[in-house]
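my questions concern the predicted model and sequence given below.
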Amino acid sequence: MKIVMSDTINFKYRLEAATPRTGNGGITRGVSVNEFPISKNIAGVSMWLEPGAMRELHWHANAAEWAYVLKGKMRTTVVDPQGNTHIDLFSAGDVWYFPRGYGHVLQCVGEEQCHFILIFDNGNFSEDHTFSITDFISCVPPEIAAQNLGITTSEVAMLPRKEVYFAQGQVPSIRSGLAFPVNAPSLVSAHRYPLSAQQPRLVPGGGIQRVVTQAEFPIAATITGTLFEIEPGGLREMHWHPNADEWQYIIQGRAEIGLFLAQHNFAKDNFEAGDVGYIPMGAGHYIKNTGEEDLVILIAFNSGRYEAIDLSSWLSGNPDDLLEGNFGVPADIIDKFPRKDRFLIP
């Protein structure tokens, strides 16, 4: 079979090599279907914030937001349609989820830079087309803004006259309302899930997997996330997802990823840290660690449920005589086929 490289079927995007948008205390790189045509249903953003800096109050009209914190300490506030405000603190390994249209703000509140990955359940999403509070207020007549805010028109003139996008604030203290008090301590809140604190699935063959679905994180109705680690040489076996597209961000290591699109269409490519991969719903694929260190991948699916069908599970569930007929080979070869779900192969 002819191997097709990614210049024909492009399912890799070098996100961290892309030209960034920079601002007052922040850097962002985004990828949507416009830059990455195969990624029709999921978009992503890599964002950095300096201590005290914030992605200003804003909302997304066409996508929910799921995020994974890679570095630093974050504070978010979010308002829901009932007028309830939620304030949460996040560290590396934590996840947040904001439904479509919920107003929110992101701020780095530690003494080091924050880095986080944002994932959106719409391939047409772009960070350049969000609804920001400064943009909204600066667009309306001054008298309307004054009446809404309870200030004078001369005071309105002191406000930004265009979108701020990034703003540099102070690193807050406990006394400045860093978080709301809670009646009882809990690892999980309405918008926060501590994925790195989850007891991982230890995978025979050399790997671990953590998964957060809507079952564990009820508000996350449209996105499931998984953090997957594979030891050198390990292979996440050939499989597919019947209910969701797959968006991959390589955190650490090197990988070979193969993509099967039916009708003898197959491509493979080599990935490294900072690269993004995309697998359409139902497409067969595999992931192999080709480096000398553990491969760490953040993977998101545009469904609140995690579903996967592994090749070994399918084969081991069929009678041997049927497999002999299907592949046209003798029984001694079929005897070597997997006898159970393998998931990860060393």
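Happy to help now that I have it. Remember, predicted model here, so these are calculated numbers, not experimental data. Residues are numbered from 1 along each chain as shown.

tell me who's in contact with the closest residue to I299 other than its chain neighbours.
For I299, ignoring the flanking residues on the chain, the nearest one in space by C-beta to C-beta, 6 or more residues apart in numbering is T226 at 4.8 Å. All C-beta spots, glycine's among them, are computed from the backbone N, C-alpha and C. By C-beta atoms under 8 Å, 6 or more residues apart in numbering, the contact set of T226 is Q209, R210, V211, V212, L298, I299, A300, F301, Y306.

give me the distance between the last one and S154.
What it means is Y306. Distance of Y306 to S154, computed by C-beta to C-beta, to the nearest Å: 55 Å.

show me where the stretch 201-346 of the chain has its helices.
Listed in chain order, the helices of the stretch 201-346 of the chain (DSSP state H, counting those that start in this stretch) span 311-316, 320-327, 331-334.

show me which residues of the first one are buried.
Meaning helix 311-316. Residues L311, S312, S313, L315 are the ones in helix 311-316 that count as buried (16 or more other C-beta atoms under 10 Å).

name the residues that touch that helix?
Residues contacting helix 311-316 (C-beta under 8 Å, 6+ apart): E237, M238, H239, L323, F337, P338, R339, K340, D341, R342, F343.

look up how far I144 lies from the fourth one.
Between L323 and I144 the distance, using C-beta to C-beta, works out to 71 Å.

repeat for the second one
M238 sits at a distance of 59 Å from I144 (criterion: C-beta to C-beta).

between those two, tell me which one has more neighbours.
More crowded of M238 and I144, by other C-beta atoms under 10 Å: M238, with 17 against 13.

D121 contacts N62, doesn't it?
No - contact between D121 and N62 fails when scored by C-beta atoms under 8 Å: they sit 9.3 Å apart.

higher neighbour count, the two?
Between D121 and N62, D121 has the larger neighbour count (other C-beta under 10 Å), namely 25 against 15.

hey, where'd the strands end up in the stretch 51-200 of the chain?
Taking DSSP state E, counting those that start in this stretch, the strands of the stretch 51-200 of the chain run over residues 53-59, 65-71, 74-79, 85-90, 95-98, 103-108, 114-120, 131-132, 166-168, 192-193.

follow-up on the earlier one: okay if I get the helices of the stretch 201-346 of the chain as JSON lines plus mean pLDDT and distance to G150?
Shown next, in JSON lines, are these (pLDDT from 0 to 100; distance: least, C-beta to C-beta, whole Å):
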{"stretch": "helix 311-316", "mean pLDDT": "96", "distance to G150": "62"}
{"stretch": "helix 320-327", "mean pLDDT": "97", "distance to G150": "74"}
{"stretch": "helix 331-334", "mean pLDDT": "96", "distance to G150": "77"}
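
right, and the ones you listed - which one's nearest T222?
For T222, the closest of the helices of the stretch 201-346 of the chain is helix 311-316, at 26.3 Å, according to C-beta to C-beta.
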